[in-house]
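Undergrad: any chance you can model this:
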Amino acid sequence: MRKLFMIIFIPILVLAGTPAILAVIMYDGAGYDEMPNHLYTEDADAEKMLYQELSDSLDELESGANADMEFNLHEDIINVAIYQAMVGENPLYAPSDDCETPDECYFKYVELPIQEGSELRIVGAWVEFEQNKFILNVFIDVQITESIAYKTVIETHFKLEDHPGQGKYTLQFEKIRIGNLPIPSGLISTILNAVESNFDGFELDGISDDLPIGQFDLDSFTYTIEKQEIVDMIGETDDGVELDDNTKMLQEIASIVFEQGLLEFDLVDEELILAARISKFASEDVIEIPDYLYDLHVVTGYDIDNNPIYGEYDPEAFDPVAYMQNVFTEFVFNNALIGGGFEITDELFNKVIYSGAGGFAEMTESQELELPDGTIREVEVGLQAVWFTIEEDAIYANALFKLDSTMSLMKLKATKVEEESSATVLVFDFTELSFGADAGETAVDYVSVTNLEVFESYLVGIDDIQFGSIEETTNGVYLTITSEALTSLLTEGTEDETVAINGISLVHGAIVLDVVAADPALQAVLDDLQDAVSAVLEDEALITNLNDALNPDNDNEEAQDVIDAVTSIQDILVDPEDDIEAEDLEVLFDEFEDLDAEDQEAFLSEIGDLIPADIMENFTAMFGDDVLPTTEIPTP
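TA: Modelled structure (predicted):
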């Protein structure tokens, strides 16, 4: 780095010994007029200026004025930051035409070994932006003798470019201007070569070796940084220790940003424009969590169309154990009336996950930005929820993120691996990670990642997936769904080892289970119950009993919905030309789940009371008394 500084300052020192006419040309006494003194105030705050620009950028996103987030870093922001940094080292620094003490007038001043009383004083420093380049200005005041002072502004011109197609940034040194004298890079190169030839120990070939990153080309006076070098530099250590998963993830994210052109910059007029391609992340199709997850939230009121207005997550709104017991009850009805495959929907998994994560409330936070006018801008960021969707050949893990007004849906696709799967084990390979993919879009319209090695390392070991596990195998990282895991899930809250799953498959929105009783004795109990439940549902007394127990005053809308669903099933059962379908039972149990715990208990008890006592006794002995409770089970 020291050699790089010498490249800049040696030409100045050489030219300092040139004839007086050059000194006249290089003189610039208008430095105070060029300095941005209007920014140097007591309340100058670059951070608040940055927040104001961020707030304006977010407002433009929200209003639709910009599809991408354009952050305009005005030169004033940088100059205030430079001023604050100088004041941090010299608290008395306040440059102006009428400043009095050296500490007020100069940022720094040092004695020069010319003669007594001579000093080099740095009056100020600031930047200017022009098209594709920026200029660093340093205003110096050299006190040569007590009566002679020399002032000039040293301008260093750089051209900064992003080369997306070539994967690099370049910073090209164009020239130095001392006062009114421009010194082109070619002349500086000639001077440096002459210095190298005449001074031992000064070698230009080793300049790049001294740089922590990038290469410096002396011929073109260009500093080049490969974007991959920036990625490799993240978390780099000298001791060769393997990077941890967090660091690898940061490297992968940086690599995606560079490869897909998600962050670009441009120097235009007086601003450095940083463009974050938010449009590639933003989702339009999915900007809310699934509707059924709002069942786990507090209802704070209703809108003009009588639609509920939801508030915060309600931890009392969902009991996972009771919910799973209801699922097993639904299985009993399904087995009794239909037989065949029983479906566990993705809604079930997602409610359990959402409840276990406390509605993901702790994963969203509001950041406060204090703006220059004293107002506060709140920016809400974080994870809204995680849920799964099931298709015939794949499972998607979805995560909805929020950045102020922008919503981004992340989808992690796990594709079924047929050759690794069997009747009782489904195996899935993670094949794509996407952000902001909407219907009808192609991969160029959103962020798509197919090299998931780093992301998969994060997934291994997650142990709270209700229906399977994620493990590393010799063939890669797989999501595995087993009959054992689903049996445990299905029978949670009931007696152990009552049912077994002989087969599992996928359909849209659900996992289909081929469920049988765990042994012949249990199967005989289920067969007896099947006949009894069918008879109960055809019994006209059931509707009368349900009305008396659940809705005697005809004012319980949720209870009436359940009664209507039972009536519909009863009509189907007594019609010899009609067959009951799984959808009919789904309607019944969707309405059933809307009942409070007391009414759920009463509903099941009315059915249980109409089942012969001996059948109920055998059933509760095998499966527990929570699946089909009765008002009272008579003692035989």
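
Undergrad: so where do the helices sit in the stretch 401-550 of the chain?
TA: Across the stretch 401-550 of the chain, reading from the start of the chain, the helices by DSSP state H, counting those that start in this stretch fall at 453-459, 483-490, 520-538, 540-550.

Undergrad: and the first one, what's buried?
TA: The reference is to helix 453-459. Val454, Phe455, Glu456, Leu459 (16 or more other Cβ atoms under 10 Å). Any C-beta I mention is one placed from the backbone N, CA and C, and that applies to glycine too.

Undergrad: and what of the last one?
TA: Applying a neighbour-count criterion of 16+ other Cβ under 10 Å, one finds Leu542, Ile543, Asn545, Leu546, Asn547, Ala549, Leu550 buried in helix 540-550.

Undergrad: state the distance from the second one to Asp564.
TA: Separation of Ile543 from Asp564 (Cβ to Cβ, to the nearest Å) stands at 10 Å.

Undergrad: quick one: mean pLDDT for the one helix or strand Leu604 maps to?
TA: Under the criterion of DSSP states H and E, Leu604 resides in helix 597-610. Helix 597-610 carries an average pLDDT of 83.

Undergrad: on contacts alone, who are the packing partners of that helix?
TA: When contacts are defined as 3 or more Cβ pairs under 8 Å, 6 or more residues apart in numbering; DSSP states H and E, helix 597-610 packs onto helix 320-337, helix 520-538, helix 540-550, helix 557-573.

Undergrad: on contacts alone, who are the packing partners of the very next helix or strand once past the last one?
TA: Later in the chain than helix 557-573, the nearest helix or strand by DSSP H and E is helix 582-593. For helix 582-593, the contact count by 3+ Cβ pairs under 8 Å, 6+ apart identifies helix 320-337, helix 557-573 as packing neighbours.

Undergrad: how deep is Asn307 tucked in, by neighbour count?
TA: 9 (other Cβ atoms under 10 Å).

Undergrad: now do Gly235, the pLDDT please.
TA: Each residue has a pLDDT score; the one for Gly235 is 64.

Undergrad: where does the nearest residue to Asp56 once chain neighbours are set aside land in three-state SS?
TA: Excluding the flanking residues, the one nearest Asp56 by Cβ to Cβ, 6 or more residues apart in numbering is Asn72, at 8.0 Å. Following DSSP: H, G, I helix; E, B strand; the rest coil, the label given to Asn72 is strand.

Undergrad: residue numbering should commence at 38 henceforth.
TA: Sure, I'll start numbering at 38, so the last one becomes Asn109.

Undergrad: give me the beta-bridge partners of Asn109?
TA: With DSSP bridges applied, the residues forming beta bridges to Asn109 are Ile310.

Undergrad: what residues are up against it?
TA: By Cβ atoms under 8 Å, 6 or more residues apart in numbering, the contact set of Asn109 is Glu90, Asp93, Ser94, Glu308, Leu309, Ile310, Leu311.

Undergrad: just put those in JSON lines and tack on neighbour count, distance to Val164 and pLDDT.
TA: JSON lines is the format used below for the contacts of Asn109 (neighbours: other Cβ atoms under 10 Å; distance: Cβ to Cβ, whole Å; pLDDT from 0 to 100):
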{"residue": "Glu90", "neighbour count": "19", "distance to Val164": "16", "pLDDT": "84"}
{"residue": "Asp93", "neighbour count": "16", "distance to Val164": "21", "pLDDT": "86"}
{"residue": "Ser94", "neighbour count": "22", "distance to Val164": "21", "pLDDT": "83"}
{"residue": "Glu308", "neighbour count": "18", "distance to Val164": "12", "pLDDT": "76"}
{"residue": "Leu309", "neighbour count": "19", "distance to Val164": "10", "pLDDT": "77"}
{"residue": "Ile310", "neighbour count": "16", "distance to Val164": "15", "pLDDT": "78"}
{"residue": "Leu311", "neighbour count": "16", "distance to Val164": "16", "pLDDT": "76"}
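
Undergrad: does the residue nearest to Pro139 when sequence neighbours are not counted sit in a helix or strand, and which one?
TA: The shortest distance from Pro139 to any residue other than its chain neighbours is 5.8 Å, reached at Tyr146 (Cβ to Cβ, 6+ apart). In this assignment (DSSP H and E), Tyr146 forms part of strand 145-148.

Undergrad: mind checking the pLDDT average for that strand?
TA: Taken as a whole, strand 145-148 has an average pLDDT of 79.

Undergrad: helices and strands around that strand, which ones?
TA: When contacts are defined as 3+ Cβ pairs under 8 Å, 6+ apart, strand 145-148 packs onto strand 156-167.

Undergrad: quick check: phi and psi on the closest residue to Glu301 other than its chain neighbours?
TA: Nearest residue to Glu301, sequence neighbours excluded (Cβ to Cβ, 6+ apart): Ala312, at 4.8 Å. Summarising the backbone geometry of Ala312 under the convention degrees, to the nearest 10, its torsions are phi -110, psi 110.

Undergrad: contacts only, for Ala312.
TA: Contacts here follow Cβ under 8 Å, 6+ apart; on that basis Ala312 touches Asp105, Met106, Glu107, Phe108, Leu300, Glu301, Phe302, Asp303.

Undergrad: okay if I get these as a markdown table plus secondary structure, distance to Asp466 and neighbour count?
TA: Supplementary listing: these in a markdown table, determined by DSSP: H, G, I helix; E, B strand; the rest coil; distance: Cβ to Cβ, whole Å; neighbours: other Cβ atoms under 10 Å:
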| residue | secondary structure | distance to Asp466 | neighbour count |
| --- | --- | --- | --- |
| Asp105 | coil | 33 | 17 |
| Met106 | strand | 34 | 22 |
| Glu107 | strand | 39 | 20 |
| Phe108 | strand | 39 | 17 |
| Leu300 | strand | 31 | 15 |
| Glu301 | strand | 34 | 14 |
| Phe302 | strand | 38 | 15 |
| Asp303 | strand | 41 | 15 |
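
Undergrad: nothing else from me, thank you.
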